[in-house]
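Q: What follows is a predicted protein model with its sequence.
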Number of protein chains: 2
Amino acid sequence: MLRSEQVFRALADPTRRRILAILKTGSRSAGEIAADFPISMASLSHHYGVLKSADLIRSERRGQSIVYSLNTTVFEDVASAMAEMFHIERTDGGTS
Amino acid sequence: MLRSEQVFRALADPTRRRILAILKTGSRSAGEIAADFPISMASLSHHYGVLKSADLIRSERRGQSIVYSLNTTVFEDVASAMAEMFHIERTDGGTS
DNA sequence: CGTATATTTAGATGGTAGGCTAAATATCAA
DNA sequence: TTGATATTTAGCCTACCATCTAAATATACG
């Protein structure tokens, strides 16, 4: 089940959206991702946490590195939720 | 043109999402909207401001009231942006 | 005009979020 | 085991945000 609250919160930050955009092109280790950002690894790690708690990404240890990847399943769900949210059903303007 | 930064920020708050959901069913005055929320009108007014600066809603004075409505055009643009954002193009996982 | 109604603006406040540095944890390689 | 590398956790600080109350603005009505 989709926790929209967490998802929206995760999406609200530009750094996190950029992380997602990068992961859309394939999995990356924390260090590889960090190379694209001007902020500390510690701060990025915090962002990974937020994205993970929204279930938008997954992590897997590979040797010394931790590799992040999109959770494509949830991404699909989010896409649907967005579609639902933005699908406008015109009634009339119910104003007095 | 779409200011995604403002749009995401606007969408980040549950109260604002609820306002949008209400306006999806038709235009409403500030007072009518307020009836559905437990917070002060002043606070809601702040939310209208955020939604307006994201260009998601419009306002129009009608007598003593101010009537809010969805900006359907921008809503369409946001829908497209979301679709773009969530359309996953699989490459391979580019990890070492 | 003067008063009531509808809404916004201003200013204050508590909480949360994102950034940093330093310390802790985990894995690898001698 | 010791040291190097990769990443996270902890603690701190500043800025922003949602909310509130009180005051200001705008319209309507007598």
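A: Received the coordinates, thanks.

Q: how close does A:F37 sit to A:Y48?
A: Separation of A:F37 from A:Y48 (C-beta to C-beta, to the nearest Å): 12 Å. Bear in mind the C-beta positions are built from the backbone N, C-alpha and C, glycine included.

Q: between the two, which one's more packed in?
A: The residue with more neighbours, out of A:F37 and A:Y48, is A:Y48; 18 against 15, by other C-beta atoms under 10 Å in any protein chain shown.

Q: Please list all residues in contact with that one.
A: A:I19, A:A30, A:I57, A:S59, A:Y68 (C-beta atoms under 8 Å, 6 or more residues apart in numbering or on different chains).

Q: can you check A:N71 too?
A: A:N71 touches A:D55, A:L56, A:I57, A:R58, counting by C-beta under 8 Å, 6+ apart.

Q: Kindly recompute the last result at 10 Å.
A: Going by C-beta atoms under 10 Å, 6 or more residues apart in numbering or on different chains, A:N71 touches A:L23, A:L51, A:K52, A:A54, A:D55, A:L56, A:I57, A:R58, A:D77, A:V78.

Q: Tell me where chain A is predicted with low confidence.
A: A:1-2, A:88-96 (pLDDT under 70).

Q: cutoff 80 now
A: Applying pLDDT under 80 to chain A picks out residues A:1-3, A:75-96.

Q: Indicate the residue of chain A located nearest to DNA strand D.
A: A:G31 (2.3 Å; C-beta to the nearest atom of the strand).

Q: Check the offset of the helix or strand containing that residue from the chain's centre.
A: For A:G31, the host element (DSSP states H and E) is helix A:30-34. Centre-to-centre, helix A:30-34 and its host chain are 16 Å apart (C-alpha atoms, centre = their mean, to the nearest Å).

Q: Please save the CA atoms from the helix or strand just after that helix in CSV.
A: Sequence-wise, the next helix or strand downstream of helix A:30-34 (DSSP H and E) is helix A:41-53. Once non-C-alpha atoms are left out, helix A:41-53 reads as follows in CSV (Å, rounded to 0.1, in the frame of the first residue of the first chain):
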residue,chain,number,x,y,z
MET,A,41,27.7,12.3,1.9
ALA,A,42,26.1,12.5,5.3
SER,A,43,23.4,14.8,4.0
LEU,A,44,22.9,12.6,1.0
SER,A,45,22.6,9.6,3.2
HIS,A,46,19.8,11.4,5.0
HIS,A,47,18.0,11.8,1.7
TYR,A,48,18.4,8.1,0.9
GLY,A,49,16.7,7.4,4.1
VAL,A,50,13.7,9.6,3.2
LEU,A,51,13.4,8.0,-0.2
LYS,A,52,13.6,4.6,1.3
SER,A,53,11.0,5.3,3.9
